[in-house]
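Undergrad: Below is the sequence, then the predicted model.
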Amino acid sequence: MQSESPAESFGKLKTSSKVLPSPQSQVTDDAVKRLLFSPSFLNTFKRVSIKHGLHFPLKFPSVLSELNFLSVLCLLNFASGYRVPLHEQTGRGAWDNVRALVFNMYLSSVTGQGDLLSAKGMKNLTPQQIAELMSVKIYVERPHETLPGVTVGELGGHAYDLVKLISTTLNETGEILERSGMPDLGSFVLQSLTSKRSGGGDVTVDDVLNDLVSAFPAFRDMAIVDGRPVYCFKKALFLVHGLTLRFGSSSPPTFPLPDTTKVPVFSDNVLPSLLIHLGVLDLSGVKDVALRSTFPNAANDANVNARLAVSKDTPGMGAAVAPGTKPEKALPKEGPVLTSDQAFILRAAAVDACEKIVEYAHRLDETSLPDGNKWIKDITLPELDVWLWAVAKDRSDYRELERFVLRDTVFF
Ligand SMILES: Nc1nc2c(c(CN[C@H]3C=C[C@H](O)[C@@H]3O)cn2[C@@H]2O[C@H](COP(=O)(O)O)[C@@H](O)[C@H]2O)c(=O)[nH]1
């Protein structure tokens, strides 16, 4: 696909906004300002952007065990393309199902050889075991060829495809860990955080990303689109940031953690889709003509303004649904199904749009901001990420908004 190794090309991540394909130029200051000063943003940002949900009610025998748990969770932080089939079967979205899977992998493990979260355990997990741990059906029924009225079950359907993606990811990662003599993914991450770096300075996000992306295909979230490299690295960035959320305030410090306040957002399908629905990303001039019509009416001013107004079902704080806690009642509607290139274009555009939003906020003159809203000047990229991701579940009209779909990916 490309001549450079991921490790070599990774060095370009920081300049990625310069090589992003269109439509990054479609983000205007007016659209950013409209979002930042909207009642929706102002009323929910502080509440919604701080929920990290990475403190699990499990009694871990050691910090390394919890680090490993979170690392595997981040490795498996994909399945967004299977949101609707997962809702059909379990009443929950992708993230909640992945959380449940890793939770159950932990609970069904007996320490030692059979530990499902160890390199060996991951290497040997089968699709059937994963389906059981997720409580999903991986059989579809079809009428028997010759016997009328008789149905036969066979492996198939979206849940089966997803379970296969998960098992391939676990098997492959477990095997790489075993080959490099690592007992589990957490130990790999710990080694990356604590190993001496050539410059002698503190560990950086780039260091850890470089290690993860070089070692494991499931973290190599990059592509060449229109001859230009696009880097998203959503899961690896989320992993590093997740560790700082969970362990960053531990005293004494558990292990070195890099500063993640300036990392690019963890771009998945939710972020670009929401940014389109909130009138920030405008697809009307994007080079790929088919993309222009993927979200019809999304950019319509009346629709955008209604979404940026205060929600009817979340007046102030009260009736909000905490992200990831309650299953959504109505079955979500499937969004437009994109190609891999189209998805990379939109995800890259979301990375770029979020940089623009935060830059705009930081440029604001504090004296021009009303008392009570001066915090806008200090918003960070990871906070904006969580706000976009979590607000998408926070009010009923946002929950109904379509997110684009890409199946068959292990990146988001
Ligand atoms: N950009 C971004 N994407 C995120 C997350 C999370 C996890 N968030 C919680 C954990 C810590 C945070 O602070 C949040 O409280 C999941 N996802 C993605 O959504 C996808 C859709 O899932 P669903 O809507 O359930 O079907 C899922 O495949 C996964 O790719 C995030 O935070 N940012």
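TA: Here it is on my side, so go on.
Undergrad: Distance from the helix or strand that contains I130 to the middle of the chain?
TA: Assigned by DSSP states H and E, I130 belongs to helix 127-134. Remark: helix 127-134 is offset 22 Å from the chain centroid, using C-alpha atoms, centre = their mean, to the nearest Å.
Undergrad: The stretch 251-400 of the chain against the ligand: which residues are in contact?
TA: Within the stretch 251-400 of the chain, the residues that sit near the ligand (C-beta under 6 Å from any ligand atom) are F266, D268, V270, L271, P323, D385, V386, W389, A390. Using the backbone N, CA and C atoms, a C-beta is placed for each residue, glycine as well.
Undergrad: hang on, the earlier thing: can you list the buried residues in the helix holding I130?
TA: P127, Q129, I130, A131, L133, M134 (16 or more other C-beta atoms under 10 Å).
Undergrad: next one: stretch 135-155
TA: Here stretch 135-155 shows V136, I138 as buried, counting by 16+ other C-beta under 10 Å.
Undergrad: swap in stretch 338-354?
TA: Within stretch 338-354, the residues scored as buried using 16+ other C-beta under 10 Å are 338, 341-354.
Undergrad: Just these: which are in helices?
TA: 341-354 (DSSP state H).
Undergrad: possible to save those as CSV with distance to L243?
TA: Conversion of those to CSV gives the following (distance: C-beta to C-beta, whole Å):
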residue, distance to L243
D341, 31
Q342, 31
A343, 26
F344, 26
I345, 29
L346, 27
R347, 22
A348, 25
A349, 27
A350, 23
V351, 21
D352, 25
A353, 26
C354, 21
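Undergrad: for the residues you listed, which one is nearest the ligand?
TA: A350 (8.6 Å; C-beta to the nearest ligand atom).
Undergrad: show me the contacts for that closest one.
TA: Neighbouring residues of A350 by C-beta atoms under 8 Å, 6 or more residues apart in numbering: V265, S267, L271, P272, L275, L281.
Undergrad: Around the residue of the stretch 301-412 of the chain found nearest the ligand, how many other residues sit close by?
TA: Closest contact between the stretch 301-412 of the chain and the ligand, by C-beta to the nearest ligand atom, is at W389 (3.8 Å). W389: 22 surrounding residues under other C-beta atoms under 10 Å.
Undergrad: In terms of pLDDT, where does it sit?
TA: The model reports W389 with a pLDDT of 95.
Undergrad: In what element of secondary structure is L243 found?
TA: Using DSSP H and E, L243 sits in helix 234-247.
Undergrad: What helices and strands are in contact with that helix?
TA: helix 63-75, helix 185-194, helix 205-215 (3 or more C-beta pairs under 8 Å, 6 or more residues apart in numbering; DSSP states H and E).
Undergrad: After it, which helix or strand is next?
TA: Past helix 234-247, the next helix or strand by DSSP H and E is helix 270-277.
Undergrad: Downstream of that following helix, the next helix or strand is which one?
TA: helix 289-292.
Undergrad: Can you show me the CA trace of that following helix as PDB?
TA: Provided in PDB are the C-alpha atoms of helix 289-292 (Å, rounded to 0.1, in the frame of the first residue of the first chain):
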ATOM      1  CA  VAL A 289     -19.000  13.800  -5.300                       C
ATOM      2  CA  ALA A 290     -20.800  10.800  -3.900                       C
ATOM      3  CA  LEU A 291     -19.900  12.000  -0.400                       C
ATOM      4  CA  ARG A 292     -21.700  15.300  -0.900                       C
END
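Undergrad: Just the buried positions in it, please.
TA: L291, R292.
Undergrad: now that helix: mean pLDDT?
TA: 90.
Undergrad: before we move on, the earlier item: and the helix holding L243 with helix 185-194, angle?
TA: 80 degrees (axes from the mean of the first three to the mean of the last three C-alpha atoms, to 10 degrees).
Undergrad: contact partners of helix 234-247?
TA: 52, 54-55, 63, 66-67, 70-71, 73-75, 77-78, 189, 193, 205, 208-209, 212-213, 218-219, 221, 253-255, 257-260, 263-264, 266-268, 347, 382, 411-412.
Undergrad: Next: stretch 153-171.
TA: So stretch 153-171 is contacted by 75-76, 78-79, 82, 85-86, 89, 101, 122-127, 130-131, 134, 136-142, 218, 407-410 (C-beta under 8 Å, 6+ apart).
Undergrad: Quick one: closest of the helices and strands packed on helix 234-247 to E178.
TA: helix 185-194 (11.1 Å; C-beta to C-beta).
Undergrad: Which elements pack onto that closest one?
TA: helix 63-75, helix 158-179, helix 205-215, helix 234-247.
Undergrad: That helix - what's its average pLDDT?
TA: Per-residue scores along helix 185-194 average to 96.
Undergrad: Alpha carbons of it, as PDB, please.
TA: Provided in PDB are the C-alpha atoms of helix 185-194 (Å, rounded to 0.1, in the frame of the first residue of the first chain):
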ATOM      1  CA  LEU A 185      -0.700  -6.200  26.200                       C
ATOM      2  CA  GLY A 186      -0.500  -4.200  29.500                       C
ATOM      3  CA  SER A 187       3.100  -5.300  29.900                       C
ATOM      4  CA  PHE A 188       3.900  -4.100  26.400                       C
ATOM      5  CA  VAL A 189       2.300  -0.700  27.200                       C
ATOM      6  CA  LEU A 190       4.100  -0.500  30.500                       C
ATOM      7  CA  GLN A 191       7.400  -1.200  28.800                       C
ATOM      8  CA  SER A 192       6.700   1.500  26.300                       C
ATOM      9  CA  LEU A 193       5.800   4.000  29.000                       C
ATOM     10  CA  THR A 194       8.900   3.300  31.100                       C
END
